[in-house]
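A.B. asks: Kindly return the folded structure for what I paste below:
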Amino acid sequence: MQIATLIISTIAIVIGILFIFFPNRLVTLAKEANTVIFNDFFFIKHSIPTGTTLIIIGIYLLVIYAAF
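C.D. replies: Take a look at the predicted model:
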């Protein structure tokens, strides 16, 4: 369970950083993978708040991981 928390928090932080600094690259990756997860204009329009939220969630999960 602790390893899953560490993996999920790391993924959330990485995706959050991508949302903040490279939002257009996420759209390109989604089109290459033929998915519609990040292909929504909402995520591109609100990439900074979405990325910040993911980073905060990831840091919170790391704090929980460190508490155990």
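A.B. asks: Check which element follows the helix or strand that contains residue 27 along the chain.
C.D. replies: Here residue 27, judged by DSSP states H and E, is contained in helix 23-32. Next in sequence after helix 23-32, counting helices and strands by DSSP H and E, comes helix 41-45.
A.B. asks: For the residue most central in space within the chain, what is the enclosing helix or strand?
C.D. replies: Most central in the chain under Cα atoms, centre = their mean is residue 15, positioned 2.8 Å from the mean C-alpha point. Using DSSP H and E, residue 15 sits within helix 2-21.
A.B. asks: Specify the angle between that helix and helix 23-32 in degrees.
C.D. replies: If you take axes from the mean of the first three to the mean of the last three Cα atoms, to 10 degrees, helix 2-21 sits at 110 degrees to helix 23-32.
A.B. asks: Flag every buried residue along helix 2-21.
C.D. replies: Residues 9, 12, 13, 15, 16, 18, 19, 20 are the ones in helix 2-21 that count as buried (16 or more other Cβ atoms under 10 Å). For every residue, glycine as well, the C-beta is placed using N, CA and C.
A.B. asks: hmm, who's touching it?
C.D. replies: With contacts defined as Cβ atoms under 8 Å, 6 or more residues apart in numbering, helix 2-21 is touched by 25-26, 43, 47-48, 50-55, 57-62, 64-65, 68.
A.B. asks: can you pull the pLDDT of residue 40?
C.D. replies: As predicted, residue 40 sits at a pLDDT of 65.
A.B. asks: before we move on, what about residue 46?
C.D. replies: Listed pLDDT for residue 46 reads 86.
A.B. asks: again, but for the one 5 residues further on
C.D. replies: Model confidence at residue 51, given as pLDDT, is 91.
A.B. asks: which residue sits closest to it, ignoring its sequence neighbours?
C.D. replies: In space, and not counting its chain neighbours, residue 51 is closest to residue 19: 3.1 Å by Cβ to Cβ, 6 or more residues apart in numbering.
A.B. asks: How about residue 61, nearest residue that isn't a chain neighbour?
C.D. replies: For residue 61, ignoring the flanking residues on the chain, the nearest one in space by Cβ to Cβ, 6+ apart is residue 9 at 3.4 Å.
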